[in-house]
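A.B. asks: Sharing a sequence plus its predicted fold:
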Amino acid sequence: MTVDVAVVGGGVIGLAIAWRCARRGLRVRVYDPSPGQGASRASAGMLAPVSEAYFGEAELTRLLVASADRWPAFRAELEAAAGVEVGYRDEGTLVVALTPDDLAEAERLRAYQAGLGLPIEALRPGQLREREPLLSPRLRGGAYAAADRQVDPRRLVAALRAALDGTVEPRAVTDLSEVDAEVVVVAAGCGSAALTGLPVRPVKGQILRLRAPAGAPPGFRHVIRGYADGRSVYLVPRADGEVVVGATAEERRDSSVTAGGVLDLLRAAVDLVPELAEYELAEAAVGHRPGTPDNAPIVGWLEPDRTVVATGHFRHGVVLTPITADAVADLVCTGEVPSVLAPFGPSRFASSLVDAGRSGGTR
Ligand SMILES: Cc1cc2nc3c(=O)[nH]c(=O)nc-3n(C[C@H](O)[C@H](O)[C@H](O)COP(=O)(O)OP(=O)(O)OC[C@H]3O[C@@H](n4cnc5c(N)ncnc54)[C@H](O)[C@@H]3O)c2cc1C
């Protein structure tokens, strides 16, 4: 049967697009041989536009903030439709630094973020430990980003699948011209390059899941983003006892968990929160972030055919899920690119598209 919208890729981006399109009355089908098992499964699920605002990415930061603002309503609507909770927490991020050099690096970034007008406040060691008594007494200082949030991406995938009024066909698409639909949306993460010619490359991330003893919740509530002797790490506590420890960033395609990767993450984690040494190491996994040359997503029409792309979300796919899904649903319904996403169209990589026999449009 010809559907209105076929979505190639069933990670958080593809599933959310399919759900939003179905909500508007469109008939949708998702193609994916292993839905939810790509980057979305590895992901930590931080919604952290403030503590992840990096030098030279001010335009991307504006998009992250705009999408993060949509998360409370998106989450409420999704949980109501699915009957599944997505693990949304709003305690904010504590940035912590172990050595004077670590503190200098953390403070440089905090000053940049504050200069953009983002809400981030410097904290002294005593103030950090007042918020989280389990933090190491060796900490030199840090900051608090109250507006950062988190969700559990595995729960998010489950909720999107439960809410979706449409089919998920468990197969890979190798040729877009064979997909029977009015509009085809390519949301295939790292698989998008082979389908479109766009410059999306895998950036490997090793990431661990620890578990607090005896089924208790972790002994801390904030997301902790730390600098420890030149290594950086983040710790994401879930209400169900899990603590996510992430992540490496490697320009590699393989999926091996390495001794060095695990060692770096655990050493930094335990330096910052010593109690974590007592937690169970429940999982060591690898995911590949769909990276782009400018670290920003690619969302828009591919001309001259009926294809839309929504890919390249790199390290921000979960925070960017609501804005991407709504923008693509708008695009499909009206043909127009919503202004918030105008700077992120595929035409900025026109030379790659010409090589692949396509062009990026603004229709
Ligand atoms: C270690 C790690 C930590 C991260 N932490 C965060 C975080 O804290 N916050 C945040 O916002 N983001 C985070 N990210 C980034 C985020 O996970 C990604 O940006 C996001 O998951 C991308 O979603 P996606 O749906 O585009 O890709 P994916 O989840 O990779 O989904 C793509 C899907 O497409 C399918 N596919 C591929 N090719 C084809 C084909 N030819 N036909 C059919 N299907 C196909 C795959 O099977 C896959 O299921 C993290 C990523 C990693 C790896």
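C.D. replies: Nice, I can see it.
A.B. asks: pLDDT score assigned to S352?
C.D. replies: Note for S352: predicted pLDDT of 72.
A.B. asks: what's around it, how many residues?
C.D. replies: 18 (other CB atoms under 10 Å). Glycine gets a C-beta too; all of them are placed from N, C-alpha and C.
A.B. asks: I'd guessed it sits against R201; true?
C.D. replies: No. Using CB atoms under 8 Å, S352 is not in contact with R201, being 11.3 Å away.
A.B. asks: Would you mind measuring from P170 to L109?
C.D. replies: Separation of P170 from L109 (CB to CB, to the nearest Å): 42 Å.
A.B. asks: Equivalent analysis for E280, please.
C.D. replies: E280 is 32 Å from L109, by CB to CB.
A.B. asks: more neighbours, these two?
C.D. replies: L109 (18 against 11).
A.B. asks: Show the contacting residues for that one.
C.D. replies: By CB atoms under 8 Å, 6 or more residues apart in numbering, the residues touching L109 are 54-55.
A.B. asks: can you map out the strands along the stretch 251-363 of the chain?
C.D. replies: Ranges of strands within the stretch 251-363 of the chain are 280-291, 298-303, 307-311, 359-360, based on DSSP state E, counting those that start in this stretch.
A.B. asks: Including distance to A39 and mean pLDDT, could the ones you listed go into a markdown table?
C.D. replies: Shown next, in a markdown table, are those (distance: least, CB to CB, whole Å; pLDDT from 0 to 100):
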| stretch | distance to A39 | mean pLDDT |
| --- | --- | --- |
| strand 280-291 | 4 | 98 |
| strand 298-303 | 15 | 92 |
| strand 307-311 | 11 | 97 |
| strand 359-360 | 23 | 66 |
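A.B. asks: Could you pull up the residues touching the residue lying closest to A284 once chain neighbours are set aside?
C.D. replies: Excluding the flanking residues, the one nearest A284 by CB to CB, 6 or more residues apart in numbering is V257, at 4.5 Å. V257 makes contact with 206, 284-286 under the criterion CB under 8 Å, 6+ apart.
A.B. asks: Could you point out the longest helix of the chain?
C.D. replies: helix 58-82 (DSSP state H).
A.B. asks: That one vs strand 298-303, what angle?
C.D. replies: With axes from the mean of the first three to the mean of the last three CA atoms, to 10 degrees defining the directions, helix 58-82 sits at 90 degrees from strand 298-303.
A.B. asks: So the residue in the stretch 151-300 of the chain that the ligand sits nearest to, which state does it fall into?
C.D. replies: The ligand sits closest to G191 of the stretch 151-300 of the chain, with a gap of 2.2 Å, by CB to the nearest ligand atom. Here G191 is recorded as helix under DSSP: H, G, I helix; E, B strand; the rest coil.
A.B. asks: now do the one 3 residues further on
C.D. replies: For A194, the assignment made with three-state DSSP gives helix.
A.B. asks: Let me know the distance separating it from R315.
C.D. replies: Counting by CB to CB - A194 and R315 are separated by 21 Å.
A.B. asks: Also D102?
C.D. replies: Using CB to CB, D102 is found at 21 Å from R315.
A.B. asks: how much distance is there from the helix or strand containing L109 to the middle of the chain?
C.D. replies: According to DSSP states H and E, L109 maps onto helix 100-115. Distance of helix 100-115 from the chain centroid (CA atoms, centre = their mean, to the nearest Å) equals 23 Å.
A.B. asks: before we move on, what about stretch 41-51?
C.D. replies: On CA atoms, centre = their mean, the centre of stretch 41-51 falls 5 Å from the chain's centre.
A.B. asks: Could you export that stretch as PDB, CA atoms only?
C.D. replies: Output in PDB follows, covering the C-alpha atoms of stretch 41-51 (Å, rounded to 0.1, in the frame of the first residue of the first chain):
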ATOM      1  CA  ARG A  41      20.200   2.700  22.400                       C
ATOM      2  CA  ALA A  42      23.700   3.700  23.500                       C
ATOM      3  CA  SER A  43      22.800   7.300  24.200                       C
ATOM      4  CA  ALA A  44      22.900   8.800  27.700                       C
ATOM      5  CA  GLY A  45      19.800  10.900  27.000                       C
ATOM      6  CA  MET A  46      21.000  14.200  28.500                       C
ATOM      7  CA  LEU A  47      19.000  17.300  27.400                       C
ATOM      8  CA  ALA A  48      21.900  19.600  28.100                       C
ATOM      9  CA  PRO A  49      21.900  22.700  25.800                       C
ATOM     10  CA  VAL A  50      23.600  24.800  28.500                       C
ATOM     11  CA  SER A  51      26.500  22.500  29.700                       C
END
